[in-house]
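A.B. asks: Provide a 3D model corresponding to the input given below.
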Amino acid sequence: MQQFLSDWWWVVSGVVSITTVVVDLTAAVHLALYKRDSRAAIGWMGVILLAPLIGAVLYFLFGINRIRRKALRLRPVHPPRPDADVEPPPSPVPDHLTGLDRLVRRTTGRPLVPGNRVTPLRDGDRVYAEMTAAIRGAEHTVGLCTYIFDNDAAGRMFVDALAAAVARGVTVRVLIDDVGRRYSWPSVVGRLRRAGVPVARFLPQLLPWQFTYANLRNHRKLLTVDGRVGFTGGMNIRAGHAPSLAGKHPIHDLHFKIEGPVVGQLQQVFAADWAFTTGELLEGDGWFPPLPPAGGVAARAVASGPDRDFEKLRTALLGALAVARRSVRILTPYFLPDPGLIAALNVAALRGVEVDVVLPERSNLRLVQWASNGQLDQVLGSGCRVWFTPPPFDHAKLMLVDGEWALIGSGNWDPRSLELNFELDVECYDPALAGELEEMVAGVRQRARRVTTGDWSKRGLLVRLRDGVARLFAPYL
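C.D. replies: Okay, the predicted model is just below:
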């Protein structure tokens, strides 16, 4: 019996040893081939060596970016590109921005199209009035994609306009993110369906209600009407964005009305999302009509997400910072740039570029604000100017370079927008538009408080410790 147990022990030990070697070696090979961050790879390698088998199991459970791998399996179907009959006139790009144009064209695969009109719309009262008026005037198609669509006074305005369009025979399609629809209860989806409006949920998930930190969400905000006019920016559909409906807690925001050939690119993004979600292809002149010139802005859609569009927004930001000569203005509600973007901001400031980062003094996401505060010293020390705007909370997203280039849309300066969610931005080359937005940012800065390195170093120890700990979780916020 003792000999049997001894033999059995040696067999089990041998199997465990061989299994440990195979699993550890497999994890190490995976690290070397697929882990892009060398510091993270070295850290995981240490875990594997110090805790054989257990370390490898931990790596396979927590070290692999399954978010990106899952998103790559969810490649949306892209409908054919629209074929415009009218060729818009050329719109030159400033010489020092031609490299940026080339970079984003190669990154996105989309051309820069001239002949567009882009109208900034500040706050929900005007935005919702313009959007619902466009829906009420629709003759052929309406496509609406949004992250949050609340079942409140603002949401009911849109439901009524969409239902009326359906009753007139307009083809309507509404796409709502499955997490975003849960910000109000009951969900607006039921109200839309009862009104006869075709609606779909993007990536249905079994997640807790209002799960703020969910991944793979469709964070785009996009409305297209008859394929000729589009609306995009940072604004969800909820009463808080409209001062007349918001009550005690209004939210400032910024949206844009877009007309011209670039609307075809916006429509492509919506059609791809709809096809992925429902399998239905949106085709024909009702969705993709010929688009004549409407203004003097050269523009391009920049769709980004954790699938085939991975890091396209981040690449555009890095390119813009690299070509800036005079000024960079950044307006964002969430500021958690990764080390590469922090370095690019600092390099721009050290080159003599005037870099302004305008943030809300009081965020609606406390943990995100603490993490953001924990890394502000990394940009303050190199000469970047940081400004805090007083309440109400400003949810606007905007980047300006040299008073000639603007990036507008839904993307924030945080890992969620840059790596984990599906976003839509539009880059615009036009001094008139950029100048108008420069004046708007200047007005925001006038009521803001500038944060200096001296002020920031005077924070209490417990506050700095809190922010420093929160900063460690920045990649997951």
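A.B. asks: any idea how far Arg136 is from Val451?
C.D. replies: Applying C-beta to C-beta, to the nearest Å, the value for Arg136 to Val451 is 45 Å. The way it works is simple: take the backbone N, C-alpha and C, and place the C-beta from them, glycine included.
A.B. asks: comparing those two, which residue is more hemmed in?
C.D. replies: Val451 (19 against 16; other C-beta atoms under 10 Å).
A.B. asks: who does the more buried one bridge with?
C.D. replies: Assessed by DSSP bridges, Val451 has beta-bridge partners Val386.
A.B. asks: that one against Trp387, yeah?
C.D. replies: Yes - between Val451 and Trp387 there is a contact under C-beta atoms under 8 Å: 7.0 Å.
A.B. asks: what touches both of these two?
C.D. replies: Common contacts of Val451 and Trp387 (C-beta atoms under 8 Å, 6 or more residues apart in numbering): none found.
A.B. asks: number of residues surrounding Trp413?
C.D. replies: Close neighbours of Trp413, defined as other C-beta under 10 Å, add up to 25.
A.B. asks: the one 5 residues further on too?
C.D. replies: As a burial measure, Leu418 scores 24 neighbours (other C-beta under 10 Å).
A.B. asks: with adjacent residues omitted, what lies nearest to it?
C.D. replies: Arg314 (4.7 Å; C-beta to C-beta, 6 or more residues apart in numbering).
A.B. asks: contacts for the helix or strand that contains that neighbour next, please.
C.D. replies: Following DSSP states H and E, one finds Arg314 within helix 312-323. When contacts are defined by C-beta under 8 Å, 6+ apart, helix 312-323 is touched by residues 96-97, 99-100, 103-104, 107-108, 302-304, 328, 338, 340-341, 344-345, 347-348, 399, 401, 405, 407, 411, 413, 417-419, 423, 425, 427.
A.B. asks: what about Thr455, neighbour count?
C.D. replies: Not Thr; residue 455 is Asp. 12.
A.B. asks: so how far is Ala470 from it?
C.D. replies: Taken as C-beta to C-beta, the span from Asp455 to Ala470 is 19 Å.
A.B. asks: same question, Thr132
C.D. replies: 39 Å.
A.B. asks: what of Leu376?
C.D. replies: Taking C-beta to C-beta, one finds Leu376 at 12 Å from Ala470.
A.B. asks: would you map the strands across the stretch 351-477 of the chain?
C.D. replies: Remark: strands assigned in the stretch 351-477 of the chain by DSSP state E, counting those that start in this stretch are 354-360, 385-389, 393-394, 398-401, 405-409, 423-429, 449-451.
A.B. asks: ok, which of those comes nearest Pro293?
C.D. replies: Smallest distance to Pro293 across those (C-beta to C-beta): 14.7 Å, for strand 423-429.
A.B. asks: helices or strands next to the closest one in the packing?
C.D. replies: When contacts are defined as 3 or more C-beta pairs under 8 Å, 6 or more residues apart in numbering; DSSP states H and E, strand 423-429 packs onto strand 113-122, helix 263-278, strand 297-304, helix 312-323, strand 405-409.
A.B. asks: with just CA atoms, put the last one into PDB.
C.D. replies: These are the backbone C-alpha positions of strand 405-409, laid out as PDB (Å, rounded to 0.1, in the frame of the first residue of the first chain):
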ATOM      1  CA  TRP A 405      -8.900  73.100 -36.800                       C
ATOM      2  CA  ALA A 406     -11.700  71.700 -34.600                       C
ATOM      3  CA  LEU A 407     -12.600  68.300 -33.300                       C
ATOM      4  CA  ILE A 408     -16.300  67.900 -32.200                       C
ATOM      5  CA  GLY A 409     -18.300  65.000 -31.100                       C
END
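A.B. asks: and the contacts of that strand?
C.D. replies: Contacts to strand 405-409, defined as C-beta under 8 Å, 6+ apart, come from residues 97, 100, 118, 232-234, 254, 256, 302, 316-317, 320, 397-400, 423-430, 433-434, 437.
A.B. asks: can you report how many residues lie near Arg385?
C.D. replies: 17.
A.B. asks: residues in contact with the closest residue to Leu367 other than its chain neighbours?
C.D. replies: Of all residues not flanking Leu367 in the chain, Ala470 sits nearest, at 5.7 Å (C-beta to C-beta, 6+ apart). Contacts of Ala470 were listed using C-beta under 8 Å, 6+ apart, and they are 367, 370-371, 373-374.
A.B. asks: mind redoing it with 6 Å?
C.D. replies: By C-beta atoms under 6 Å, 6 or more residues apart in numbering, the contact list for Ala470 reads 367, 370-371, 374.
A.B. asks: out of those residues, which is most surrounded?
C.D. replies: Most surrounded of these: other C-beta under 10 Å gives Ala371, at 26 neighbours.
A.B. asks: wait, it sits on Gly468?
C.D. replies: No - using C-beta atoms under 6 Å, Ala371 makes no contact with Gly468, being 9.2 Å away.
A.B. asks: burial count for the residue lying closest to Ser187 once chain neighbours are set aside?
C.D. replies: Leaving aside its chain neighbours, Ser187 sits nearest to Arg181 (4.8 Å; criterion: C-beta to C-beta, 6+ apart). Residues lying near Arg181 (other C-beta under 10 Å) number 25.
A.B. asks: next: Ile18.
C.D. replies: Neighbours around Ile18, by other C-beta under 10 Å: 10.
A.B. asks: what is the mean pLDDT for the host helix or strand of it?
C.D. replies: If you go by DSSP H and E, Ile18 is part of helix 2-34. Averaging pLDDT along helix 2-34 yields 64.
A.B. asks: same question, stretch 373-391
C.D. replies: Stretch 373-391 comes out at a mean pLDDT of 93.
A.B. asks: now do stretch 456-475
C.D. replies: 81.
A.B. asks: give the buried residues for that stretch.
C.D. replies: Across stretch 456-475, burial judged by 16 or more other C-beta atoms under 10 Å covers 464, 466-467, 470-471, 474.
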